[in-house]
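Peer 1: no letters, just coordinates:
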């Protein structure tokens, strides 16, 4: 009995779906688009389809109806809009460009049959960054990764990041001794005469 009812429900749903599919036409949803004109239209005149599309837009809806979404963004954790960033014109500084890689530390190089990558530490960022051949890093392009260095190229200029070997680093020099404070000399004490 239950199987018969279940079969009847499935058969009814299939019949409804097939009737909707047969009766559906794409023209009912979207109007037919006219072929693109062979000549470019003048810049000041709109195409014939443009007024038709513009008339379909609801001009009554304004930005005011979306204020709550703008003020409380859905996908931000604190539900506050982003602060506008101050746009300051960038001034190119030629001297800083040559020293920008001095603060970068090459932490590790990984060379395997399937992957070649290097891990660098930028003091301005909290995380290590993985580089592969061809990646862009601070305006430089990674041209090659060797076992002890990463070669970078920018506009014909070449630079390299060297992997430090801490096992061969010289031992730390002992701290310099600070001279002890000398006490002022004691005045001489008179000697006791020998006892007889």
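Peer 2: Alright, I've got the coordinates. Note that the coordinates shown come from a computational prediction; the quantities given were computed from them, not determined experimentally.
Peer 1: tell me which helix or strand comes right after the helix or strand bottoming out on mean pLDDT in the chain.
Peer 2: Per-element confidence for the chain was summarised using mean pLDDT, DSSP states H and E. The lowest value among helices and strands belongs to helix 94-99, with a mean of 46. Tracing the chain past helix 94-99, the next element assigned as helix or strand by DSSP states H and E is strand 105-111.
Peer 1: buried residues in that next one?
Peer 2: 106, 109 (16 or more other C-beta atoms under 10 Å). The C-beta positions use only the backbone N, C-alpha and C, and glycine is treated the same way.
Peer 1: other SSEs contacting that strand?
Peer 2: strand 116-121, strand 149-154, strand 157-162 (3 or more C-beta pairs under 8 Å, 6 or more residues apart in numbering; DSSP states H and E).
Peer 1: which elements pack onto the second one?
Peer 2: Applying 3+ C-beta pairs under 8 Å, 6+ apart, one finds that strand 149-154 makes contact with strand 105-111, strand 140-145, strand 157-162.
Peer 1: residue 81 touches residue 74, doesn't it?
Peer 2: No: counting by C-beta atoms under 8 Å, no contact exists between residue 81 and residue 74, whose distance comes to 11.3 Å.
Peer 1: so between these two, which is more surrounded?
Peer 2: Legend: neighbour count by other C-beta atoms under 10 Å for residue 81 and residue 74, higher for residue 81 (12 against 6).
Peer 1: that one - nearest residue in space that isn't next to it in sequence?
Peer 2: Using C-beta to C-beta, 6 or more residues apart in numbering and skipping residues adjacent in sequence, the residue nearest residue 81 is residue 73, 5.9 Å away.
Peer 1: pLDDT value on that neighbour, please?
Peer 2: Confidence at residue 73, expressed as pLDDT, is 72.
Peer 1: how many neighbours does it have?
Peer 2: Neighbours of residue 73 using other C-beta under 10 Å come to 13.
Peer 1: go on, residue 101?
Peer 2: Other residues close to residue 101 by other C-beta under 10 Å number 19.
Peer 1: what residues are up against it?
Peer 2: Going by C-beta atoms under 8 Å, 6 or more residues apart in numbering, residue 101 touches 138, 140, 152, 159, 161.
Peer 1: repeat the analysis, applying 7 Å as the threshold.
Peer 2: By C-beta atoms under 7 Å, 6 or more residues apart in numbering, residue 101 lies in contact with 159, 161.
Peer 1: quick check: it vs residue 136, distance?
Peer 2: Going from residue 101 to residue 136 by C-beta to C-beta, to the nearest Å gives 14 Å.
Peer 1: and residue 102, by the same measure?
Peer 2: Applying C-beta to C-beta, the value for residue 102 to residue 136 is 19 Å.
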